[in-house]
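J.: Mind looking at a prediction? Sequence and model below.
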Amino acid sequence: MHCPMFSLATPSSHAESGGRLVAVLLGIVLLVTAALAQAEAPIAVVYPDIGEPYRAIFEKIVEGIEDRAGPRVVKYAVKSSADIAELKTDLRRQDARVVIALGRQGMKAVAPDRSMAMVVGGVSTVPESEVRGLSVISLSPDPSLLFSRLKALMPAAKRVFVVYDPRNNAWLMRLAKEAARAQGLELVAYEAQDLRGAMQQYQTVFATADSRTDALWLPQDTTTVEEGSVLPLVLQESWNRSLAIFSSSFGHVRRGVLFALYPDNVELGKSLAGLALGILASGNHGGGGMMPLRDVRIAVNLRTAQHLGLDLRRQQRGFDLVFPEP
């Protein structure tokens with residue numbers, strides 16, 4: 001007769017297994033509690049306390065952050081004379097696990113403290129030596145959005161020229177090469193690290209560009225798109241040659257470029273809050289590095305479009321701002 005086999009356990013073995021189970025359950029409870037505390041932690045927003053028109057821009061970004069992150073947002077408007085040590089003490093007192101720093105001033109106030117994760121917005125670029133461990137949404141529009149708009153407005157476009165300073169925009173050009181390829185465009189990028197070098201590169205562009213199929217992109221670059229001397233000459237020469245220019249800076253549209261993409265500040269704030277919430281939920285402080293701006297609006301100069309022989313009347317409803325103003 002076959003008899004079932006039973007394992008015999010001593011009282012001590014039951015106690016040991018029970019103790020292990022309790023320890024595992026306690027560990028799970030502690031992990032869940034820590035995760036919940038992390039997920040519900042405050043999000044600090046540090047931004048410059050400055051005058052108009054920049055104050056209104058930062059306030060709109062903060063509005064977007066609050067729309068997305070809700071009442072957990074703790075705001076700090078920081079003057080240039082602020083006591084940084086006192087600010088950091090207050091951040092720790094608030095138990096802020098993530099700081100959203102806006103602008104250079106906001107970033108400078110918090111950057112040296114790596115005990116908290118940091119998300120950065122409202123800056124054009126951050127040196128690659130400083131970006132490690134950060135998540136930065138640049139004010140530079142995503143090249144893929146710029147190039148898709150160029151193709152929509154100027155379907156004959158085949159080649160894009162750009163002059164840039166690699167110290168500012170090497171990261172952006174890496175993205176731009178892929179974005180151009182995806183749009184069936186050839187990107188011709190020239191490096192320059194001073195005003196003289198920039199002007200020499202622009203002379204090369206104007207000597208080789210074909211206005212029927214080429215366009216010039218002006219990135220956010222204080223070296224190669226210097227406002228005082230370089231930009232006026234580039235705008236005048238492009239107008240004389242009927243060469244389309246598009247820009248990453250809103251103010252250039254008023255001065256004659258065909259179009260520019262510029263930030264939708266409330267939506268940018270929501271994206272920054274989304275990054276912060278993601279860090280809190282995952283506990284991963286590794287940082288996403290430099291990211292281009294995808295929350296954009298478009299401004300178009302219709303006088304320039306007419307000068308270039310482009311008929312944009314059918315697309316006009318899709319423009320957020322039009323120059324010259326009616």
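T.: Good, I have the coordinates. Numbering: from 1, shown residues only.

J.: Can you show me the helices along this protein?
T.: For the chain, applying DSSP state H gives helices covering 11-39, 54-69, 84-93, 103-110, 143-153, 166-182, 195-208, 230-241, 251-254, 265-282, 302-307.

J.: Tell me which of the ones you listed lies nearest to Arg132.
T.: Smallest distance to Arg132 across the helices of the chain (C-beta to C-beta): 12.5 Å, for helix 166-182. The way it works is simple: take the backbone N, C-alpha and C, and place the C-beta from them, glycine included.

J.: between the helices of the chain, which gets the lowest average pLDDT?
T.: When the helices of the chain are compared by mean pLDDT, helix 11-39 comes last with a mean of 49.

J.: hmm, back to that, Gly133 is nearest to which of the helices of the chain?
T.: Minimum separation from Gly133 across these (C-beta to C-beta) falls at helix 265-282, 11.4 Å.

J.: tell me the domain boundaries of this structure?
T.: Here the domain parsing of the chain from automatic domain parsing is 40-139+266-293, 141-262+296-323.

J.: how many neighbours does the residue lying closest to Ala82 once chain neighbours are set aside have?
T.: Leaving aside its sequence neighbours, Ala82 sits nearest to Ala109 (C-beta to C-beta, 6 or more residues apart in numbering; 6.6 Å). Ala109 is surrounded by 25 other residues when neighbours are defined as other C-beta atoms under 10 Å.

J.: So Ala109 sits against Lys79, correct?
T.: No: counting by C-beta atoms under 8 Å, Ala109 does not reach Lys79; the two are 9.9 Å apart.

J.: if we can go back for a sec, what's the closest of the helices of the chain to Asp320?
T.: Closest to Asp320 of the helices of the chain is helix 251-254 (C-beta to C-beta; 10.8 Å).

J.: mind listing what's buried in that closest one?
T.: By neighbour count on 16 or more other C-beta atoms under 10 Å, the buried set for helix 251-254 is 252-253.

J.: how about the helices of the chain in CSV, adding distance to Thr125?
T.: Listed next are these as CSV, based on distance: least, C-beta to C-beta, whole Å:
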stretch, distance to Thr125
helix 11-39, 30
helix 54-69, 17
helix 84-93, 23
helix 103-110, 10
helix 143-153, 14
helix 166-182, 5
helix 195-208, 17
helix 230-241, 18
helix 251-254, 18
helix 265-282, 16
helix 302-307, 27
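
J.: Which one of those lies nearest to Gly121?
T.: Minimum separation from Gly121 across those (C-beta to C-beta) falls at helix 265-282, 4.6 Å.

J.: elements contacting that closest one?
T.: Applying 3 or more C-beta pairs under 8 Å, 6 or more residues apart in numbering; DSSP states H and E, one finds that helix 265-282 makes contact with helix 11-39, strand 43-48, helix 54-69, strand 98-102, strand 117-123, strand 135-141.
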